[in-house]
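Trainee: A structural model of the following input is requested.
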Amino acid sequence: MILNSTILGCGSPVLILHGLFGEAKNWMTIAKSLSLDHEVHVIDQRNHGNSFHHSDHNYLILAFDIFNYIEDKKLEKVSIIGHSMGGKVAMQFAMKYPEKLNKLIVVDIAPKRYPYKEDNLNIFKGLNKVSSNAKSRKQGIQIMMEYIDDIVTINFLLKSLSFSDDENAMFKFNVDALEKNICIILDQIPSPRVFAGLTYFIYGQKSHYINADDKKNIYNLFPECQILEIPNAGHWVHYDAKDYFLDTIKTILN
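Mentor: Predicted coordinates:
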């Protein structure tokens, strides 16, 4: 099965991989700007967007999905931009298929294990209740507010919400598979290897996803790495500081 994508522009190929609960369309503004100089493939990863659903969801499989996509599209060396979960997929791909990669760009994520928190549990409690009870987006917001006090996160999650003709709530992302595999998604990259290719880690100044200890580990695994800070940005770097982020990406790619 081949991942769904939107392809823009022409030139050297660049793949964009969204994060957990995201989808390709969240990156379209960035993709359109990059497509002036590159052939940009904005990808829905498995269990997200318009791509296929499957019970298996781990980084080796997700990296193989990208390999299959590249083979299907007959692409030569590609550059990959991966945010959050997508960044871990990109790292795993680099370690598994280094011959396919031109430049690796990882956005606000480290190759480490992140702890499973009550916030993660509450998100899935809310999503499951929305799936079973909500009859409108307004009701969906009200339900999610019982579990999460961050309206920005709620609006992000509910971007994937739609309703059938008989008002049954549906999410584009596969809630069951993601909940089942959330600890794997939060885990470190399995069997890490050194990737000696050109690598760039971009993180938000206000984000807590990459700290000083993480940087040491990153340099060990990616010896040709540059770590770049985006001022006044949190985890959603491409939203919080879009122009600065785009300038940084364009400089790297060009």
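Trainee: can you get me a residue count around the nearest residue to Lys73 once chain neighbours are set aside?
Mentor: Once flanking residues are discounted, Lys73 sits nearest to His41: 7.2 Å by C-beta to C-beta, 6 or more residues apart in numbering. The way it works is simple: take the backbone N, C-alpha and C, and place the C-beta from them, glycine included. For His41, the neighbour count with other C-beta atoms under 10 Å is 25.
Trainee: shouldn't His41 be within a strand?
Mentor: Yes. According to DSSP: H, G, I helix; E, B strand; the rest coil, His41 belongs to a strand.
Trainee: for Cys183, give me its contacts.
Mentor: Tyr116 (C-beta atoms under 8 Å, 6 or more residues apart in numbering).
Trainee: ranges for the strands of this protein?
Mentor: 5-8, 12-17, 38-43, 78-83, 101-107, 161-163, 169-171, 198-204, 225-230 (DSSP state E).
Trainee: with mean pLDDT and distance to Leu186 as new columns, can those be given to me in TSV?
Mentor: Formatted as TSV, the strands of the chain follow (pLDDT from 0 to 100; distance: least, C-beta to C-beta, whole Å):
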stretch	mean pLDDT	distance to Leu186
strand 5-8	98	26
strand 12-17	98	17
strand 38-43	98	21
strand 78-83	98	15
strand 101-107	98	16
strand 161-163	95	23
strand 169-171	96	20
strand 198-204	98	18
strand 225-230	97	22
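Trainee: okay if I get those as TSV plus distance to Ala241?
Mentor: Shown next, in TSV, are the strands of the chain (distance: least, C-beta to C-beta, whole Å):
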stretch	distance to Ala241
strand 5-8	22
strand 12-17	17
strand 38-43	20
strand 78-83	13
strand 101-107	12
strand 161-163	27
strand 169-171	29
strand 198-204	7
strand 225-230	5
